[in-house]
Structure formats: C-alpha cells, structure tokens
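**Student:** no sequence on this one, just coordinates:
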C-alpha cells in the first residue's frame, strides 16, 4: 500500500483508522451486488446475512473463548454482516419501489407526468437539455397514479432555466434506459406547464446563477464567458458544444462540472481566510459550514458535491470536536450513509468516480509524492510542490480510469499531461470565481473585477483543452445532430 | 476539556512515544485499527439498522397504493348499477336509480344499445340491460364531466334502442356556452357529417350549432369523423385519439394531444389553433 524506501527514514504516518472501512466495503459490495436482483432475492440475501451475523454473535458470546477464535474478529464479522444485510434490504426496497412505479413498464409509450424539477438543466450534445425531475404523478386523466420516482427528462424547448422546485406537468414519451437495468428516460413532447412556482430554495440559487452569467458576460470575452459559470457553479449552458467536446477529449470535462474539488477549495479558502482575519476557532468552523451549505444549495445536489460536502461536514464536525481529521473515516461514513439512504446515487458513475478519486488521494497521494521527490540519476526531477501536483493528478487519474472506462466516459490518451498542465490554474479559477459568484448578487462591480481576474487562467484552460484535443490520438466527436 | 481558541492543540502523543524508533517498530499493518471496540461496534450496528429502517420505509412509501380509480361497476342484465351521483356536478335531478329488481325482471328482452356523446368521460355506444334509465346510460359512459349539463336530461326516462343521448354544456352565468343536452330518437338523422371539409364546425353529436367557439373542434367531444377532418389527422390517428379518450378520459389541455400515438410536434403545432378542450 505505501511505497517506502529503506534509505529514507520512515516518515511515520498516523495510525490508519480503518474501523469504518470494512463495514463500508461490505455495504458497497452488497449494494452493487443486489442492484439488478429481484427484491425477493435481495431480501433473501439480507436474511441470510442477518442469520450469519446472529451465528457469529452467539459464537463470540458463548463458544469463542473455548474454541480460541478471536472475539474481536467475530465482532467485526457481525458488524460487517449486519451492515451488508441492511444495504441489501435497502436496495431491495428501491428495486421494489421502481418496479411498482408505472413508468418503467411504459417504455415506448406516451403519457402525462406531473412532478417537481429537482435540479438545474444540463445541456446535451444534441442541443437539448437534460432536466432532473421527481415524477410524482404518472399517467393522464383518470389513469393518473400518484407514484414518486427520480428520473431524467430530455427536452428541447421551454425547459431551460426552470428553477429547482418548479412543479410542472408535461406529456412525455418513455424511452429505453441508457444502460440496461437502469431507469427509463423521459422525453418531453410538450413544453412544461408550470403549475407550481419554486420556493425560495429554488429561486435563490437560480438568481445567483443568472447574476453570475451576467457578471461573466461583462467581465470576459469569447469562450471564457461560458466557461467560468461552468467551472464555478457547474452551469454549462453557456459553453459551446465544440468547447465541451474539446474538454472531454482532453480529459478535462470533470473540471467543467462542479466536483468535489470545488467544494474542498471553497471550504479550504474560507477556513484559511477566516484564520488570516483572526477569526476564532469556533467562528471559523461556523463560517466554513455556512459557506459549505450555501455552495451546495447553489450548485445543486450533484453526486460529487454530495460526497465532498458530506466528507467536508464530517471534517468540520471533527474539527469542532477537537479531533484530528480522519479523511478516510469521513469518506467511509458518507459512502455508507449514501448507500443505505439512496442506493441509486451510490451506484451511479458520478458518486463512484468521486469516491474512487478521494479514496485514492487519501491513501496514495502522499506516498507517490514522496516517491517522486526522491533524487534519481543524480538530480531532483520534481521539486516539492510540483511533485505534489503531479502525484495528485496521477493518483486521481489512475483511480478513476476503471470507472470511466466501465461507464463509457473515457477520454483521450493525453488526459494525464493535460490535467497536470492545468492544475495550477484550477484553484485560482475556482476560488476567485466562487468569490465572484458570491458577491455578484450584492455588488456587481466587484464581482466583475473578480471574474476578470480569472481571465488568464480561463484562457490557459481553454488553450490547453484546444491543443490537447487536436493532438493525434485524441478522440473526435461527431458534430452535434449527426 | 480546556477550550483551545487557536486550534493549536499539541498532538495527543505521550512524550516517550515520540521516539521514532519506537514508532517505526511495528509494521504498518499493526498500526492499522481494523475493528471498532465493542461499544462502537454496537453503536454502529444500531445506527446502521436504524438508518436502513428509515431508508426502507422512505423508499417503500413512494410505492403507489393500488389502482388509481376504482373500477366502474359493470351493468349485467337483471342488475343495473346505481347511478354514480357523485360524478355529476349538480346533485338535484339524478338521484333516482329507481330500477328495482322486479321491474328489471319483467322487462327482460333484448339489450338496448344507445349512443352517449358529449360531456361524458367516454363518448360512444353503450349496451344496457332492457329497461335501463338515462342515468344508467350516462353512468356506463363514465359519468357526466365537470361542466356537463345533466339537468337538461330526464335521467329517469327509460332509454330505447338506437337513441342518442347528448350531454351538453351546463349554461354559465352569461347564458349557454355550448350545445344543450337532449335525447335524439333512433329515427332522427341529425348527422350532417362533412368529412373532407376541415374547416367545417364540428358537425357531431347533433349539436352542430356549437355556440362557444365556432370553427374549433373540441377534442373531448368530437367523433372520429370530425377529428379525421383536421389537418394531419387521418382515420388511424383519429381512432388513436378516441382510444386515448377511452383509456384516459378527457384531455386536460390541447398539448395533451402529444400523448396520442401518431401526433408529432409538427402535427400538434398545426392542430393547436384549430382545436379546443
């Protein structure tokens, strides 16, 4: 696991706290394994696991000492079995709920739906948009059934810019799921009929986004106008298809969406600046928590943001409780929480990518950086900071590669060098841009100045993406509409 | 615990353990804490089970509870279902389902077929037991819709084979909005249907003098012929529209035509100015 050289005096890492990791792995395995199973089968798995847990407990209590089996191991086994059983049961409930919903059985048909928009729309290559929607009533007229299900709706006209929380009615056709075993996708046949305005929690983020687009348009020129909102708030509406393709070919598309890194930068920047301003410890934690909550509200509950916000919140709680942060334990806790509460998100590509990258960074970034820093062939190739940046890029790239390939999102062969090249620009854009987005609603001139300060970094990002996408070997994407 | 406003707590390591050699001694796998102690383990299990119970409850609470609408009772000879009074907006005239079993039995004969059109959930032919009343015919047609005029019909009247029952629009405060209700006998030919004349007013259901919006075809009441006359709507699509109405009830909006097989965005755009609900 750790790369250690006998010549270097061992840097003693703190005791690794893996107490939560094994139960979390059990939860992950159970959630993934029962994803496609019929509910009855998953329940059976769950029951078997609980039975095994009971046996293990009884064994530990009664016969453990006599037979000489480690009681701790038996206790651990019990914990693992029970958490796995809970995960399987939760997954069974999800599969049952999906199967009982009328829409998955209506693939290829047209129907009416009523629901609530749950997030901001994202542009598609075809020119349409993708709207996350929680269907609450499925069917038309007297066939309308109340049934809740989170789905994705593909649409063209009239669906842009609906704030989350908007209640809509529309006629849709139910399309085949994108991947087998997944939920079907809806395609809107009509513009939405808005029957309920969003609450403040939807209008406020929409207002911040709207204002930030204006700020970006005033402060920047060319492609950067659309890129800044996309990097900072995940608002991809202003990015041209060509630029999006370039970023994807260059393996930089994770930057154009809001990821866990954004969350980390935001919280880190708030903590650091609060400390610099002499804010007390408690004040710093409260400020950071408020910033975290505000950020998540504005960007919407993307899986990666959810992951990062969860770990960040746990980290802040640990800080507040005078504990040293245990990133791996925090990650394990949030994975367990999400897997049990929302199995569909937990098995999604976005969440998996985020978790894989974070786990790899926590475990391997420091050893790899140390390894890179060592002098070879008589000279030092990677001085301090550079080694850190390169290590982070390598580790994150390798950790996410399998997930990307499995979900068909893999980028070109130049992703790693491209990510290393843009690494210095990303925190700058994120921190300055987020600050601009935050002050935008109250002080537009200041926001414009801050956004303008991002211009060189944005130019660099765009240039790297353009150059890398034109290198031989980079994938070419068909023009939209082909 | 002492408050530490600067957050600069020293590491909680006993001084004698800072010795590197002592620290480096156990291999890395010995320095890993794998298992929670007993209390933490029990707490974790309780927490996870609680979370799981909450999650399962939440996921299962979204499961729809049974059929959306109770099945309408089927009329079988000798037993006429009671008129569904709750379906009609006005509660005055239609409360009497006076068909006693005895009356039914003596009127045994051929079942009667009548056409029920207009503001009912399912326009079309209904087959009734002999001796059935107008109320039964309306009931079989899915009931009178909101805004339908049931007061203009004598609900207690026995229906005769071949009749057409037209349920019109209830008069609003400004007077009649549409065709009045009425019953047309089997001999009366009141169908000046004009296929192939797209702009003709909906010449259906005997109420050709639709006062409300002349020229607009009401997709909730129009029959196949009238629908067929619309641009982009052929016999197949007209049948699809009728089938949709049969399955789902009346259209809530013109846009809902998009849910009918065979009507694409272009057809819908052409139809929008020509139809109403």
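**Tutor:** Alright, I've got the coordinates. Here the structure is a predicted model, which means the values were calculated and not measured.
**Student:** name the element residue A:364 belongs to?
**Tutor:** Residue A:364 is part of helix A:349-373 when elements are defined by DSSP states H and E.
**Student:** which elements pack onto that helix?
**Tutor:** Packing partners of helix A:349-373 (3 or more C-beta pairs under 8 Å, 6 or more residues apart in numbering or on different chains; DSSP states H and E): helix A:260-276, helix A:303-320, helix A:327-341, helix A:384-406. Quick note: C-beta positions are derived from backbone N, CA and C, even for glycine.
**Student:** wait, which of these is closest to chain B?
**Tutor:** Of all those, it is helix A:327-341 that lies closest to chain B, at 4.9 Å by C-beta to the nearest C-beta.
**Student:** residues in contact with residue B:36?
**Tutor:** Contact analysis of residue B:36 by C-beta atoms under 8 Å, 6 or more residues apart in numbering or on different chains lists A:19-20, A:76, A:79, B:44.
**Student:** that one and residue A:214: what is the separation?
**Tutor:** 52 Å (C-beta to C-beta, to the nearest Å).
**Student:** out of the contacts of residue B:36, which two sit at the greatest distance?
**Tutor:** A:20 and A:76 (11.5 Å; C-beta to C-beta).
**Student:** which one of these two has more residues nearby?
**Tutor:** Neighbours per residue (other C-beta atoms under 10 Å in any protein chain shown) separate residue A:20 from residue A:76, with residue A:20 holding more: 23 against 20.
**Student:** pLDDT value on the spatially closest residue to the more buried one that is not a sequence neighbour, please?
**Tutor:** Spatial nearest neighbour of residue A:20, chain neighbours left out: residue A:332 (3.9 Å); criterion: C-beta to C-beta, 6 or more residues apart in numbering or on different chains. pLDDT, residue A:332: 89.
**Student:** residue A:332: neighbour count?
**Tutor:** 26.
**Student:** residue contacts, it?
**Tutor:** The contact partners of residue A:332, by C-beta under 8 Å, 6+ apart, come to A:20-21, A:23-24.
**Student:** from the residues you listed, which two are the most distant?
**Tutor:** Farthest-apart pair in the contacts of residue A:332 is A:21 and A:23; separation 7.6 Å (C-beta to C-beta).
**Student:** tell me which of these two has more neighbours.
**Tutor:** residue A:23 (26 against 20).
**Student:** so the more buried one sits against residue B:44, correct?
**Tutor:** Yes - using C-beta atoms under 8 Å, residue A:23 is in contact with residue B:44, at 6.6 Å.
**Student:** how far away is the closest residue to residue A:339 other than its chain neighbours from chain B?
**Tutor:** Distance criterion C-beta to C-beta, 6+ apart; nearest residue to residue A:339, sequence neighbours excluded, is residue A:346 at 4.1 Å. Distance of residue A:346 to chain B, computed by C-beta to the nearest C-beta, to the nearest Å: 11 Å.
**Student:** who touches residue A:346 in this structure?
**Tutor:** A:28, A:31, A:335, A:338-339.
**Student:** which SSE is immediately downstream of the helix or strand bottoming out on mean pLDDT in chain A?
**Tutor:** Within chain A, no helix or strand scores below helix A:64-67, which has a mean of 57 by mean pLDDT, DSSP states H and E. As assigned by DSSP H and E, the chain's next helix or strand after helix A:64-67 is helix A:71-100.
**Student:** tell me which other helices or strands that following helix touches.
**Tutor:** Checking 3+ C-beta pairs under 8 Å, 6+ apart, helix A:71-100 ends up next to helix A:21-33, helix A:39-58, helix A:64-67, strand A:145-155, helix A:327-341, helix A:343-346, helix B:38-61.
**Student:** rerun at 7 Å
**Tutor:** Contacts defined by 3 or more C-beta pairs under 7 Å, 6 or more residues apart in numbering or on different chains; DSSP states H and E place helix A:71-100 against helix A:21-33, helix A:39-58, helix A:327-341, helix A:343-346, helix B:38-61.
**Student:** buried residues in the longest one, which are they?
**Tutor:** Going back to what we said before, that points to helix B:38-61. B:41, B:44-45, B:47-49, B:51-52, B:55-56, B:58-59 (16 or more other C-beta atoms under 10 Å in any protein chain shown).
**Student:** what do you get for the second one?
**Tutor:** Neighbour-count burial for helix A:39-58, counted by 16+ other C-beta under 10 Å, picks out A:39, A:42-43, A:45-46, A:49-50, A:52-53, A:56-57.
**Student:** Throw the residues you listed into TSV and include pLDDT, thanks.
**Tutor:** Listed next are the buried residues of helix A:39-58 as TSV, based on pLDDT from 0 to 100:
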residue	pLDDT
A:39	87
A:42	90
A:43	91
A:45	92
A:46	92
A:49	93
A:50	93
A:52	93
A:53	91
A:56	86
A:57	85
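**Student:** pretty sure residue A:440 contacts residue A:213?
**Tutor:** No - when contacts are counted by C-beta atoms under 7 Å, residue A:440 is not listed as touching residue A:213 (9.5 Å).
**Student:** between these two, which has more neighbouring residues?
**Tutor:** The neighbour comparison of residue A:440 against residue A:213 (other C-beta under 10 Å) goes to residue A:440, with 24 against 20.
**Student:** residue contacts, that one?
**Tutor:** The contact partners of residue A:440, taken as C-beta atoms under 7 Å, 6 or more residues apart in numbering or on different chains, are A:208, A:211-212, A:215, A:447.
**Student:** I'd like those residues as TSV, with neighbour count and secondary structure appended.
**Tutor:** Below are the contacts of residue A:440 laid out as TSV (neighbours: other C-beta atoms under 10 Å in any protein chain shown; DSSP: H, G, I helix; E, B strand; the rest coil):
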residue	neighbour count	secondary structure
A:208	20	helix
A:211	18	helix
A:212	25	helix
A:215	27	helix
A:447	25	helix
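**Student:** could you list which of those residues also contact chain B?
**Tutor:** Among these, no residue lies close to chain B (C-beta under 7 Å from any C-beta of the partner chain).
**Student:** which one of these is nearest chain B?
**Tutor:** Out of the contacts of residue A:440, the member with the shortest distance to chain B (by C-beta to the nearest C-beta) is residue A:208, at 29.7 Å.
**Student:** where are the low-confidence patches of the stretch 151-277 of chain B?
**Tutor:** B:171-180, B:182, B:184-214 (pLDDT under 70).
**Student:** and the helices in it?
**Tutor:** When secondary structure is read from DSSP state H, counting those that start in this stretch, the stretch 151-277 of chain B shows helices at B:224-228, B:235-248, B:265-271.
**Student:** elements contacting the first one?
**Tutor:** With contacts defined as 3+ C-beta pairs under 7 Å, 6+ apart, helix B:224-228 has these neighbours: helix B:235-248.
**Student:** got it, and the second one?
**Tutor:** Under the contact criterion of 3+ C-beta pairs under 7 Å, 6+ apart, helix B:235-248 touches helix B:224-228.
**Student:** ok, and the closest non-adjacent residue to the residue in the stretch 151-300 of chain A that chain B sits nearest to?
**Tutor:** Among the residues of the stretch 151-300 of chain A, residue A:189 lies closest to chain B, at 3.7 Å counting by C-beta to the nearest C-beta. Excluding its sequence neighbours, the residue lying closest to residue A:189 (C-beta to C-beta, 6+ apart) is residue B:258, at 3.7 Å.
**Student:** contact residues of the stretch 101-250 of chain A facing chain B?
**Tutor:** A:110-112, A:139-149, A:171, A:189-190, A:193.
**Student:** pull out the buried members of those.
**Tutor:** By 16+ other C-beta under 10 Å, these give A:110-112, A:139-141, A:143-145, A:147-149, A:171, A:189-190, A:193 as buried.
**Student:** give me the mean pLDDT for the helix or strand containing residue A:420.
**Tutor:** Using DSSP H and E, residue A:420 sits within helix A:415-422. Confidence over helix A:415-422 (mean pLDDT, whole number) is 84.
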